[in-house]
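# Next one to model:
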Amino acid sequence: MNTDRIGAAEDIIPDDLWPTEPSASKVRSFANLKRWSEWWIASEGFRSAVRDDPLAPLAEAGIALDADESAAMRALAEGDHESFGELPESVEQYIDLVERIRPRSAGPPRASGDPRLSRWRRREFERCEIELGRMSAWKVTSSPVAIELAVGCTMNCWFCAVSAQPLEAVAKYDDEIELFDGIASTLRDVCGPTMRHGFLYWATDPFDNPDYERFAARFAEYAGAWPHTSTARAVQEPDRVRPLVACSRGENYRNLQVSILSEGALRRFHAAFTPEETLGVSVILHTPDSQAPVARAGFARSEQRARRRSRLVGVDDAYTPACVTGFMVNLPHRRVQLVAPCNPSDEWPGGVRVFDEATFDDADDFAAIIDTFIDRHAVRRLSADTPLDFRRLLTYHPALDGFDLMARSHTINLRSRPALDLIGALIANGDHPTLASVIDVAAARGHDREAVRATIDWLDEMAVFADQVPVMPPEQPVEIG
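Numbering: from 1, shown residues only. Below is the predicted model of the structure:
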């Protein structure tokens with residue numbers, strides 16, 4: 001990562017995100033508004049002081065805003081902006097910037113290098129829309145790959161959505177780089193340009209591995225971009241985080257995420273960097289007084305560990321902390337999984353659904369496993385004896401020339417396919433008809449068998465059927481090769 005030429009202040013924000021004409025003064029304004037937001041979320045003391053006097057706590061927090069800007073931000077934060085009146089221009093533009101950031105890296109998964117993988121990723125996104133609702137599904141960043149460079153984590157955060165266990169081992173660069181190269185090469189071939197959205201952690205903290213930056217630089221050679229980094233150790237290791245902060249701009253805007261666990265840590269982090277320097281850094285506040293929501297996943301599913309139940313979202317809220325639709329690799333354990341997001345549950349407490357799992361010995365073995373995973377799950381054809389049922393969260397309504405399926409957040413309108421209305425009625429009847437029996441009934445009523453089969457396959461691609469291919473419980477890995 002080259003930090004020699006950082007560029008002008010206005011270059012921090014990418015061109016496609018600028019809500020107005022770029023300028024250094026607007027960067028300063030946005031950066032201070034962002035810092036105000038961080039303190040508001042993190043500290044009840046700050047919130048209380050701002051309610052009494054919009055300027056009172058700003059100097060101590062190192063925030064350069066005027067009283068109107070602070071009061072407007074308070075009104076927005078408390079949902080009272082209508083009574084406030086016209087917002088200051090700086091605040092309106094900052095809100096515009098925040099809204100532009102949200103959809104930038106989320107939404108439907110981008111095409112992969114292997115069209116079979118693209119097909120599977122798209123189907124899983126369709127499933128997430130049904131299970132989570134469109135709003136939640138579109139917030140998920142569908143990264144194609146995550147590679148863990150350690151086993152476990154040192155932080156033991158009570159809210160950890162992935163239930164990270166104590167640090168057990170780390171991958172050493174000099175010992176593992178040959179295998180890492182082989183893994184990265186295979187992933188580049190199957191993921192294509194989407195590999196740039198991959199990262200090198202999961203139930204780990206990147207900074208627990210002393211060689212993280214070396215691995216990240218090597219990953220960038222294959223992916224074409226520095227991997228997204230999320231760490232809770234920024235305050236403990238300022239010398240390591242500083243280069244990443246410096247480069248969180250332009251194409252790497254919001255490529256660094258820092259978790260802050262206390263108000264003291266927030267003060268130290270802010271003291272180490274100017275507001276402008278951290279404008280491109282995502283700061284996640286997990287202080288005791290934080291208003292930031294916590295996924296009802298992993299450790300936070302435990303009554304004993306979930307300290308602030310009011311901050312938990314999930315289950316009824318349909319929220320997942322997962323952001324990988326593809327391959328989860330653990331380098332020290334030589335393990336690879338095919339995973340996708342889901343709503344956290346007793347079966348999948350981390351909101352990560354495991355479709356397949358295997359261990360590998362070397363790069364060739366890894367490549368063979370990846371191909372097996374894709375063949376097994378992406379290129380699927382329902383067998384004749386497959387029982388057909390709509391997903392539990394879908395409600396069937398007949399319609400002219402087809403039918404509608406009511407999902408959590410939207411309606412799936414299905415029309416103008418051979419025998420579509422008949423197929424829908426047979427499945428909705430609740431008798432669990434097999435694929436063969438549906439085709440037989442449709443054929444008896446004059447429909448072409450191949451056309452009926454094509455309609456059923458089309459429905460399957462839209463992920464409307466209850467799961468037919470068993471997914472693997474995490475405790476039952478399969479050895480391949």
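# What ranges does the stretch 351-481 of the chain have for its helices?
363-377, 420-428, 435-444, 449-461 (DSSP state H, counting those that start in this stretch).
# I'd like to know which of these is closest to R119.
Among these, helix 449-461 comes nearest to R119, with 7.6 Å by CB to CB. (Glycine included, C-beta is placed from N, CA and C.)
# Contacts only, for G133.
318, 407-410 (CB atoms under 8 Å, 6 or more residues apart in numbering).
# With pLDDT added, can I get the residues you listed in CSV?
Output for these, formatted as CSV (pLDDT from 0 to 100):
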residue, pLDDT
A318, 63
A407, 94
R408, 88
S409, 90
H410, 93
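# wait, which of the helices of the stretch 351-481 of the chain is closest to M155?
helix 363-377 (28.7 Å).
# just checking, what packs against that closest one?
helix 115-132, helix 173-191, strand 335-341, strand 352-359 (3 or more CB pairs under 8 Å, 6 or more residues apart in numbering; DSSP states H and E).
# would you list every one of the helices in the stretch 151-300 of the chain?
For the stretch 151-300 of the chain, the helices defined by DSSP H, counting those that start in this stretch occupy 173-191, 212-223, 238-246, 263-272.
# Now the residue nearest the centre of the chain: phi and psi?
Nearest to the geometric centre of the chain sits C323, at 2.6 Å (CA atoms, centre = their mean). Note on C323: backbone dihedrals following degrees, to the nearest 10 are phi -150, psi 20.
# so who does it touch?
140-143, 341.
# what's around the nearest residue in space to it that is not next to it in sequence, how many residues?
Excluding its sequence neighbours, the residue lying closest to C323 (CB to CB, 6 or more residues apart in numbering) is T141, at 4.4 Å. Counted with other CB atoms under 10 Å, the neighbours of T141 add up to 17.
# And S48, by the same measure?
The number of residues near S48, taken as other CB under 10 Å, comes to 11.
# follow-up on the earlier one: I'd say the residue nearest to C323 and F199 touch.
No: T141 lies out of contact with F199 (CB atoms under 8 Å); the separation is 9.7 Å.
# Ok, which of the helices and strands packed on helix 363-377 comes nearest E450?
helix 115-132 (20.5 Å).
# Export only the CA atoms of stretch 229-249, formatted as CSV.
Presented in CSV, the C-alpha positions along stretch 229-249 are these (Å, rounded to 0.1, in the frame of the first residue of the first chain):
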residue,chain,number,x,y,z
THR,A,229,-10.0,-4.4,6.9
SER,A,230,-12.1,-4.5,10.1
THR,A,231,-10.3,-4.3,13.4
ALA,A,232,-11.0,-3.7,17.1
ARG,A,233,-7.3,-3.2,17.8
ALA,A,234,-6.8,0.2,16.2
VAL,A,235,-6.2,2.0,19.5
GLN,A,236,-3.8,-0.7,20.7
GLU,A,237,-1.8,-0.6,17.5
PRO,A,238,-1.8,2.9,16.1
ASP,A,239,1.4,2.4,14.0
ARG,A,240,-0.3,-0.4,12.1
VAL,A,241,-3.6,1.3,11.6
ARG,A,242,-2.2,4.7,10.5
PRO,A,243,-1.2,3.6,6.9
LEU,A,244,-4.7,2.1,6.5
VAL,A,245,-6.3,5.3,7.7
ALA,A,246,-4.1,7.3,5.3
CYS,A,247,-5.3,5.3,2.4
SER,A,248,-9.0,5.1,3.3
ARG,A,249,-9.8,7.6,0.5
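# Distance of E213 relative to L244?
Distance, E213 to L244, using CB to CB, to the nearest Å: 9 Å.
# do A164 as well
Relative to L244, and taking CB to CB, A164 is found at 21 Å.
# Check D421 too.
Relative to L244, and taking CB to CB, D421 is found at 56 Å.
# of the two, who's got more company?
Shown here are D421 and L244; by other CB under 10 Å, L244 has more neighbours (23 against 16).
# Was I right to think the more buried one contacts H228?
No: under the criterion of CB under 8 Å, L244 lies out of contact with H228, with a separation of 10.2 Å.
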